[in-house]
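# Fold the stuff below for me.
(2 chains)
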There are 2 protein chains.
Amino acid sequence: MVLDNIRIVLVGTLYGGNVGSACRAMANMGISRLRLVAPDPHIKWDEAERMACHSEHILEGRQVYGTLAEAVSDCVAVAGTSVREGLYRRHARGPREVAPDLAALAEKGPVAVVFGREDKGLLNEEISSCTHLIRIPTSTVVSSLNLSQAVMVVCYELFSSLGKYEPLKEKSELASAALRERMFELWRSHLLRIGFMEEAKADHMMAGFNRIFSRGALTQDDVMILMGVIRQNEWAIDHLL
Amino acid sequence: MVLDNIRIVLVGTLYGGNVGSACRAMANMGISRLRLVAPDPHIKWDEAERMACHSEHILEGRQVYGTLAEAVSDCVAVAGTSVREGLYRRHARGPREVAPDLAALAEKGPVAVVFGREDKGLLNEEISSCTHLIRIPTSTVVSSLNLSQAVMVVCYELFSSLGKYEPLKEKSELASAALRERMFELWRSHLLRIGFMEEAKADHMMAGFNRIFSRGALTQDDVMILMGVIRQNEWAIDHLL
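Sure thing, here's the model as predicted:
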């Protein structure tokens, strides 16, 4: 049930062999839902098939999307993976720490684990739309992992964490990524309107809000409240002045 | 220091890509000593080079041996990996449990972690010469891991276990695999001579002894075997002289 709700999302993958190897790693760890976002148009599917040993059903069942937002729109949590460190990535935790949280969330709804391009990883704007950020601990000398190896480590930790998480006790359903996205758009336009931030700083500030609201899981009720505050502010500006 | 003492040993590897991917996984986890035992004569080294991204130094520094015994002769511990279950493999533990033990041993001397062939894994006689046996937990549906993925999981656990092991407090130096091998040969010839076992059962029985002497604690079965040897010795002295 928990593993059935995990979606492995590969963004902009260049090499078919990595997609196939990722399928096999997923199958080893009982995970079977693969989503691809804009894979390279020249990707070699025959290489993917050759590496997807014992996991051809996962490869064949893949779903392909144009954007990350579309690929995760139904997900109640979106965990990005990154080896890079930077302003937008300081809240990353190791897969062993994050796995029990994701497993608990996956009891409630679909959870995406997102892996970036072989050469560039995930872009800042993609990281910004994630609720969790995972950094696999590595040697400082060679920190860049092969894509399918990274998929293996995270799937292994998810599989190993089963039964080690606290069940969530929220009454409201968890909010989907699409609903959260609507909330952030509302906040963004409002915060710009009231002069809380300038356009030039908006991405940075919204990444900060995303981190704040990703510390716990957001329920639909939470999102309704957070959107309600903004709507009320908008009304106040229009009517009280 | 600990990671410098880890030797990754690949036995009878068929595909160059797996050797290269294993090198990259090792490099990610700070491990750099690669030993190959009788790799397939048709192995494609150019594929290995292509996959050994950021870890060409490990691939180039590989040492090649004719037999597993030669490859591990200087090692104070030899951990085999296996997905199969069977009479010789029941004492396998997960990599997370074994890693701290191997890290503690690697403070004292070289420790080998041994991975078998892509198609057949390690043979029973190879398992028999190991002091530890690792089984990576997997889905029951698809239990066979890609070779380099298995290397990644074990190296990741070794890397992650650093600092989480109890330093060994033995006063004596640890025995090397070669010395242990001499002991087992002595036992074997003695046990055959005194009629404790028949030649046809000798491999099976010696695998049992190897398990016993690779453990920290002895089970009741172990004690029964050790007592049986003494009783047979007593009988032999009374009746054969």
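# just the strands in chain A please.
Taking DSSP state E as the criterion, chain A contains strands spanning A:6-11, A:33-37, A:63-65, A:77-81, A:111-115, A:132-134.
# Quick check: which helices or strands does the longest one pack against?
Taking 3 or more C-beta pairs under 8 Å, 6 or more residues apart in numbering or on different chains; DSSP states H and E as contact, the helices and strands that strand A:6-11 lies on are helix A:16-28, strand A:33-37, helix A:68-71, strand A:111-115, helix A:147-161. The C-beta positions use only the backbone N, C-alpha and C, and glycine is treated the same way.
# can you do 7 Å?
The contact analysis (3 or more C-beta pairs under 7 Å, 6 or more residues apart in numbering or on different chains; DSSP states H and E) places strand A:6-11 against helix A:16-28, strand A:33-37, strand A:111-115.
# repeat for the third one
Contacts defined by 3+ C-beta pairs under 7 Å, 6+ apart place strand A:63-65 against strand A:33-37.
# will you turn the strands of chain A into CSV that also has mean neighbour count, distance to A:Val229 and mean pLDDT?
What follows is the strands of chain A, written out as CSV (neighbours: other C-beta atoms under 10 Å in any protein chain shown; distance: least, C-beta to C-beta, whole Å; pLDDT from 0 to 100):
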stretch, mean neighbour count, distance to A:Val229, mean pLDDT
strand A:6-11, 24, 31, 98
strand A:33-37, 21, 32, 98
strand A:63-65, 14, 32, 98
strand A:77-81, 28, 23, 95
strand A:111-115, 28, 27, 97
strand A:132-134, 24, 24, 93
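# My read is that A:Leu211 contacts A:Arg89, right?
Actually, residue A:211 is Arg. It isn't Leu. No: in terms of C-beta atoms under 7 Å, A:Arg211 does not count as a neighbour of A:Arg89; the distance is 10.3 Å.
# Identify the contacts common to these two.
Overlap of the contact sets of A:Arg211 and A:Arg89 (by C-beta atoms under 7 Å, 6 or more residues apart in numbering or on different chains) is empty.
# Show me the one of the helices and strands packed on strand A:6-11 that comes nearest chain B.
helix A:16-28 (4.0 Å; C-beta to the nearest C-beta).
# So what touches the closest one?
Residues from elsewhere that reach helix A:16-28, judged by C-beta under 7 Å, 6+ apart: A:8, A:10, A:13, A:32, A:34, A:43-55, A:58-59, A:118, A:147-148, A:151-152, A:155, B:138-139, B:142, B:145-146, B:149.
# Pairing partners for the residue positioned nearest the centre of chain A in the sheet, please.
Nearest to the mean C-alpha position of chain A, by C-alpha atoms, centre = their mean, lies A:Val78 at 2.6 Å. Legend: beta-bridge partners of A:Val78 under DSSP bridges are A:Ala112.
# How much space separates it from B:Leu179?
Distance, A:Val78 to B:Leu179, by C-beta to C-beta, to the nearest Å: 54 Å.
# Could you do A:Gln63 as well?
When distances are taken as C-beta to C-beta, A:Gln63 and B:Leu179 turn out to be 57 Å apart.
# Kindly report the same for A:Leu14.
When distances are taken as C-beta to C-beta, A:Leu14 and B:Leu179 turn out to be 50 Å apart.
# More neighbours: these two, which one.
Regarding A:Leu14 and B:Leu179, a neighbour count based on other C-beta atoms under 10 Å in any protein chain shown identifies A:Leu14 as having more, with 17 against 13.
# ok, the closest residue to the more buried one other than its chain neighbours - contacts?
Nearest in space to A:Leu14, with sequence neighbours left out and distances taken as C-beta to C-beta, 6 or more residues apart in numbering or on different chains, is A:Asp40 at 4.6 Å. Under the criterion of C-beta under 7 Å, 6+ apart, the contact list for A:Asp40 reads A:12-14.
# List just the nearest of the residues you listed to B:Asn124.
A:Thr13 (39.8 Å; C-beta to C-beta).
# Got phi/psi on that closest one?
phi -60, psi 140 (degrees, to the nearest 10).
# Give me the neighbour count for it.
By the measure other C-beta under 10 Å, the count of residues near A:Thr13 is 23.
# That one contacts A:Pro41, correct?
No: counting by C-beta under 7 Å, A:Thr13 does not reach A:Pro41; the two are 11.4 Å apart.
# Tell me where chain A has helices.
With DSSP state H, the ranges of helices along chain A come out as A:16-28, A:45-51, A:56-60, A:68-71, A:95-106, A:124-128, A:147-161, A:177-193, A:199-214, A:220-240.
# Report the buried residues of the last one.
By neighbour count with 16 or more other C-beta atoms under 10 Å in any protein chain shown, helix A:220-240 contains the buried residues A:220, A:222-223, A:226-227, A:230.
# do the third one as well
Using 16+ other C-beta under 10 Å as the test for burial, helix A:56-60 gives A:58-59.
# and chain A, what are its domains?
Described in terms of automatic domain parsing, the domain architecture of chain A consists of the residue ranges A:3-161, A:177-240.
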